[in-house]
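Asks: kindly return the folded structure for what I paste below:
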Amino acid sequence: MKDSIIIEKQDNTTEYFTGGKAFVDAVAKAGSKEELRSILSKGRIADFSDEDLEESYRNLALSQHWDAVQEMFEDKDYASCCQKLAAYGITTSKEHFDLINDVIATASDDALIHEILHNTDMDATLATLRAHGYYAINAEFLGLVHDNAVHLYEDALLTEEELAELSGQTFYERCEKSINLIFALSTIAGLSLGVSGVADPALLIAIAGGISLMFGKDGAEE
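Replies: Numbers count the residues shown, from 1 in each chain. Below you'll find the predicted structure:
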């Protein structure tokens, strides 16, 4: 990982945060809201509300417990999954619940993955997904996954070796390696830019699962 994290702000200015991998790792492993506040302060990120900090920490805490995340992945009942999320103070919509289930199903189908990776554009990918009965994954979500993957790869937040570490034989192996990282980077970006209501954790989980496909065993990036 680079020594500095670079974030383009909405006013077209550039923000630099020192620390690189050590900083991201510290955020990812924060053990409390106040510890997260202290880590961010050392990285010169302090202009955020206590409410957004609380929300970010709840999301991080969930991403630190892979067994809990995997249990939610395996729960196909919306009401039951909501109860499990509620233990972390997190809510999600039926739309995002369905999205996660579609991501898991597609990411667990090796033949479908092979077909998607050889599509030439987003329309072709969507057509393939629809042909296999998947409707929750839309163009907006595919764009989010692509943008996040490009940010990790082209902006050199991660080295090629670190990206290779996101690979695995199964969706669960890949997502386990990427989910805490995605949540940490989202926390840094969201709080540094003053984004109110840091990204829905269910959407981040789905993005982590989608990104895991792009850095699979064959090294495909799109």
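Asks: could you use CA atoms for every contact and neighbour count after this?
Replies: OK.
Asks: now stretch 206-222: mean pLDDT?
Replies: What stretch 206-222 shows for mean pLDDT is 55.
Asks: try stretch 38-56
Replies: In this model, stretch 38-56 carries a mean pLDDT of 88.
Asks: distance between the ends of it?
Replies: From its first residue to its last, stretch 38-56 covers 14 Å (C-alpha to C-alpha, to the nearest Å).
Asks: distance from the chain centre to it, please.
Replies: The chain centre lies 19 Å from the centre of stretch 38-56; the measure is C-alpha atoms, centre = their mean, to the nearest Å.
Asks: in that stretch, what's buried?
Replies: 38-40, 43, 45-46, 48, 52-56 (16 or more other C-alpha atoms under 10 Å).
Asks: which one of those residues sits closest to A107?
Replies: S56 (26.5 Å; C-alpha to C-alpha).
Asks: the closest one contacts T187, correct?
Replies: Yes: between S56 and T187 there is a contact under C-alpha atoms under 8 Å: 5.9 Å.
Asks: quick check: the farthest pair among the buried residues of stretch 38-56?
Replies: Using C-alpha to C-alpha, these span at most 19.0 Å, a distance reached by G43 and E55.
Asks: what's the longest helix in the chain?
Replies: Assignment by DSSP state H gives helix 171-192 as the longest helix of the chain.
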